[in-house]
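Visitor: With the input below, show me the fold.
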Amino acid sequence: MQADLICVGNELLTGLIENSNTGFLARRLWSTGISVREACVVADDESAIGEALDRAKRESDLVIITGGLGPTEDDRTREVVAEVLGLPLVLNQEWLEKMDQFFRNRGVKMPVNNLKQALVIKGSLLLDNHRGTAPGAIVESAGKIFVLLPGPPHELKEMFDDQVQPYLVGKNKTGRTAVKTLKCIGIGESRLEEKIKALGEWELPPISYVARGYEVDLQIKGSGENEEASISIDEAERRLRSLLGDHVYGSNDDTLAGLVAELLAARRMTLSLAESCSGGLLSDIITDIPGSSKFYRGGLVPYNAELKIKLLGIGSELLEKEGEVSDLTARAMAAGIKELFGTDFAIGITGIAGPESDPSGKPVGLVYIAIAGPDILKSRELYLGGGRRAVKERAAQIALDMLRKELMKIKS
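Guide: Numbers count the residues shown, from 1 in each chain. Presented below is the predicted three-dimensional model:
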């Protein structure tokens with residue numbers, strides 16, 4: 001099965017809102033065995049939506065349209081799809097009552113313009129929206145499937161995962177395509193390709209390399225009848241994991257932070273952070289994980305020398321001799337926050353994110369990361385490229401990877 005994606009919204013074309021829906025839908029469709037032929041963004045304009053819809057329905061079996069299902073006058077997706085398919089819009093009393101209850105629960109009267117959201121394409125399967133007032137819909141017409149989804153990502157993602165994907169799994173009977181992504185860290189894209197090619201000529205499904213900061217995703221694509229696709233992917237995964245060792249930390253939707261959280265929780269260990277150049281970014285990543293309060297005690301962002309001395313107990317002599325950006329300072333930060341917060345593990349990060357150096361003249365991108373744990377205190381010196389944000393993000397990723405490797409040495 002092949003799909004076209006149409007994202008509707010002036011705000012996407014002006015850059016006011018980033019279009020994250022395309023990437024999400026493409027990944028989910030691939031995992032369902034559906035390839036994406038084309039993805040496009042069009043304005044809140046009837047002719048633009050109609051032209052994109054006509055093109056998509058000629059070329060693909062599945063058309064997914066996001067956005068334009070709101071209550072305002074410029075939300076025209078529902079109306080255009082109905083017109084192109086030659087189907088009328090009918091009032092859905094059940095959805096109207098649900099919207100009315102939605103507003104009453106918030107102590108306000110439902111605006112009159114929300115009434116249009118209760119108009120649905122005749123014969124469509126209504127998709128419930130637990131997070132908003134715009135229902136989605138699935139319409140089958142002339143052997144094609146049309147899916148209408150709301151634009152806000154938090155509404156779209158839940159609706160697709162809970163209602164659309166199970167529906168599509170049952171409909172995709174045109175052979176099996178499977179995709180699995182291996183998450184790699186600590187090895188560059190070019191070096192990764194070299195290692196895989198060095199295995200020699202052996203049967204391997206197509207692989208795509210996607211670099212993301214300090215990480216690289218290996219997307220393995222298999223195809224065939226019945227279980228052939230899954231079997232070929234399983235064999236490729238086995239060989240790749242054997243080749244790459246601990247460079248592979250997970251697969252598909254796994255995240256490095258999520259894995260570290262699992263390892264800490266399984267070992268009943270705690271973590272604290274002292275971040276200078278990363279500015280609390282690592283703490284933000286950690287606290288995005290549900291349940292992180294079970295292992296994360298907290299962190300500090302001692303951004304100048306005075307606070308490093310006062311809060312972490314680092315000696316002024318050390319800072320004067322070595323500088324705030326140094327191997328020994330990073331180690332002192334990790335040891336200081338570990339003692340202050342009483343945790344099993346602690347991380348200290350200090351560096352020069354740029355765009356200019358510090359008074360010492362050390363190079364931009366120089367970063368030291370230290371990790372303190374049970375019977376260990378070690379550090380790494382790094383030279384990270386990219387702009388200020390890239391240095392911060394890569395430092396956070398590398399710190400997580402250092403912690404992952406130490407936790408893997410400890411039995412749960």
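Visitor: Quick check: Glu215 vs Ile207, distance?
Guide: Glu215 sits 16 Å away from Ile207, going by Cβ to Cβ, to the nearest Å. Every C-beta, even on glycine, is put in place using the N, C-alpha and C of the backbone.
Visitor: actually Arg380, not the one I wrote
Guide: Using Cβ to Cβ, one gets 29 Å for the distance from Arg380 to Ile207.
Visitor: try Arg394
Guide: For Arg394, the distance to Ile207 equals 24 Å [Cβ to Cβ].
Visitor: if you count what's nearby, which of the two comes out ahead?
Guide: In this comparison of Arg394 against Ile207, neighbours counted by other Cβ atoms under 10 Å, the higher total goes to Arg394 at 20 against 15.
Visitor: which strands and helices sit next to the one helix or strand that one maps to?
Guide: Assigned by DSSP states H and E, Arg394 belongs to helix 388-408. Contact here means 3 or more Cβ pairs under 8 Å, 6 or more residues apart in numbering; DSSP states H and E; on that basis helix 388-408 packs against helix 256-266, helix 281-287, strand 345-351, strand 366-373, strand 376-383.
Visitor: Name the residues of the second one that are buried.
Guide: This means helix 281-287. Leu281, Leu282, Ser283, Ile285, Ile286 (16 or more other Cβ atoms under 10 Å).
Visitor: OK, contacts around the last one?
Guide: With contacts defined as Cβ atoms under 8 Å, 6 or more residues apart in numbering, the neighbours of Ile286 are Ala257, Val260, Ala261, Leu271, Leu273, Ser292, Tyr296.
Visitor: now the last one: how far from Asp344?
Guide: Tyr296 sits 11 Å away from Asp344, taking Cβ to Cβ as the criterion.
Visitor: Give me the common contacts of the two.
Guide: Shared between the contact lists of Tyr296 and Asp344 (criterion: Cβ under 8 Å, 6+ apart) are residues Thr270, Leu271.
Visitor: Please list all residues in contact with Ile121.
Guide: Listed by Cβ under 8 Å, 6+ apart, the contact set of Ile121 reads Arg78, Val81, Ala82, Leu85, Leu87, Pro88, Leu89, Val90, Ala137, Val139, Leu148.
Visitor: right, and the helix or strand after the helix or strand containing Gln101?
Guide: Gln101 belongs to helix 93-104 when assigned by DSSP H and E. Downstream of helix 93-104, the next assigned helix or strand under DSSP H and E is strand 119-121.
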